[in-house]
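Asks: Provided below are the primary sequence and the corresponding predicted coordinates.
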Amino acid sequence: MEFAFNATEARHSGGPGMLVLCLRRSYHDGGTNGSITINGKLFCHTIELPWRGNRRNGSCIPEGRYCLSLYPSRRHGMRLLVQNVPGRSGILIHAANNALQELRDCIAPVTKLTGPGMGIYSRMALERLEREVAPALEAGEEVVLVCCSSSENC
């Protein structure tokens with residue numbers, strides 16, 4: 001599955017020196033499914049744990065606006081870190097294909113959704129996302145993840 005994307009155009013949607021990733025989510029008992037768009041264009045899908053009141057080690061993160069940074073994880077290597085999540089820390093973006101079995105608090109990009117909290121080709125989607133986001137962060141640009149319900153505009 002191919003997703004169309006133009007990195008130069010996307011940076012302008014957040015203003016000079018800013019890259020905005022919009023994560024629109026739908027909530028299910030078996031997990032949270034999402035789609036990341038950049039400048040209105042689909043980039044990848046995501047899976048997370050179900051919404052459980054922002055419970056640590058058991059819930060997707062609350063809707064909101066979060067800055068991303070690079071973080072050297074002992075378990076996952078260099079990963080994207082979601083910063084300043086209320087009441088939480090260590091929220092990473094890393095590979096997983098089943099939210100209930102493989103995630104604690106984190107977000108996993110996937111190429112295709114296969115059910116609530118489930119997807120396939122996560123590593124491929126993660127590597128693609130990192131290839132777009134890491135250079136922006138390394139260049140000193142602000143990268144923002146905006147999480148919202150699928151019925152809202154980010």
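Replies: Perfect, I can see it now. Remember, it's a predicted structure, so these values are computed and weren't measured experimentally. Numbers count the residues shown, from 1 in each chain.
Asks: all helices for this structure, in order.
Replies: Secondary structure of the chain (DSSP state H): helices located at 7-12, 99-102, 122-138.
Asks: out of these, which comes closest to Thr46?
Replies: helix 122-138 (8.4 Å; CB to CB). Quick note: C-beta positions are derived from backbone N, CA and C, even for glycine.
Asks: Now do the closest one: distance to the chain's middle.
Replies: On the basis of CA atoms, centre = their mean, to the nearest Å, helix 122-138 sits 11 Å off its chain's mean C-alpha point.
Asks: what does it contact?
Replies: Contact with helix 122-138 is made by 5, 7, 11, 19, 21, 36, 38, 43-45, 47, 68-70, 78, 80, 93-97, 108-111, 119, 143, as judged by CB atoms under 8 Å, 6 or more residues apart in numbering.
Asks: List the buried residues of it.
Replies: By neighbour count on 16 or more other CB atoms under 10 Å, the buried set for helix 122-138 is 122, 125-126, 128-130, 132-134, 136-137.
Asks: Can I get that helix in PDB? Just the C-alpha atoms.
Replies: Listed next in PDB are the C-alpha coordinates belonging to helix 122-138 (Å, rounded to 0.1, in the frame of the first residue of the first chain):
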ATOM      1  CA  SER A 122       4.200  -1.900  11.600                       C
ATOM      2  CA  ARG A 123       8.000  -1.900  11.200                       C
ATOM      3  CA  MET A 124       7.600  -0.600   7.600                       C
ATOM      4  CA  ALA A 125       5.300   2.200   8.700                       C
ATOM      5  CA  LEU A 126       7.500   3.100  11.600                       C
ATOM      6  CA  GLU A 127      10.700   3.300   9.500                       C
ATOM      7  CA  ARG A 128       8.800   5.500   7.000                       C
ATOM      8  CA  LEU A 129       7.600   7.800   9.700                       C
ATOM      9  CA  GLU A 130      11.000   8.100  11.300                       C
ATOM     10  CA  ARG A 131      12.600   8.900   7.900                       C
ATOM     11  CA  GLU A 132      10.300  11.900   7.600                       C
ATOM     12  CA  VAL A 133      10.300  13.100  11.300                       C
ATOM     13  CA  ALA A 134      13.900  12.500  12.400                       C
ATOM     14  CA  PRO A 135      15.500  14.900   9.900                       C
ATOM     15  CA  ALA A 136      13.100  17.600  10.900                       C
ATOM     16  CA  LEU A 137      14.000  17.200  14.500                       C
ATOM     17  CA  GLU A 138      17.700  17.000  13.800                       C
END
